[in-house]
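Enquirer: What follows is a predicted structure for the sequence shown.
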Amino acid sequence: VIGRLDDMNVKRPTPIQMQGLPVALAGRDMVGIAFTGSGKTITFSLPLVMAALEEELRMPLLPGEGPVGIVLAPSRELARQTYDVVKDF
């Protein structure tokens, strides 16, 4: 995960990430409002990726098993954007 963030040139968390990641990693609900390109997608998807990786370490998934998590998006465009950000983790 750290290597992928480095590949994405993420050096420091943005304000929405500083506020949102601890809340999301704690399993709490939140509403975050921030400008386009501020890192909201990483903020809500990184805890899901981390949980999926931890789950796979505990019990490796067999082909065809899953999903471990699901993201609902209000539009196809937003779903595609989320997929593009998360797919390499």
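Expert: Arrived safely. Numbers count the residues shown, from 1 in each chain.
Enquirer: Need the residue closest to the centroid of this protein.
Expert: Central residue of the chain (Cα atoms, centre = their mean): S45, 1.5 Å from the mean position.
Enquirer: any idea which element that residue lies in?
Expert: Here S45 sits within helix 40-58, counting by DSSP states H and E.
Enquirer: which helices and strands does that helix pack with?
Expert: Applying 3 or more Cβ pairs under 8 Å, 6 or more residues apart in numbering; DSSP states H and E, one finds that helix 40-58 makes contact with helix 15-25, helix 76-86. C-beta here means a position set from N, CA and C on the backbone, and glycine is covered the same way.
Enquirer: Point out where this protein drops to low pLDDT.
Expert: Regions of the chain meeting the criterion pLDDT under 70 are absent.
Enquirer: rerun that using 90 as the cut-off
Expert: 1-13, 24-30, 32, 36-57, 59-71, 85-89 (pLDDT under 90).
Enquirer: Adding mean neighbour count and distance to F35, write the helices and strands packed on helix 40-58 out as a markdown table.
Expert: Listed next are those as a markdown table, based on neighbours: other Cβ atoms under 10 Å; distance: least, Cβ to Cβ, whole Å:
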| stretch | mean neighbour count | distance to F35 |
| --- | --- | --- |
| helix 15-25 | 16 | 9 |
| helix 76-86 | 13 | 15 |
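Enquirer: All set now, cheers.
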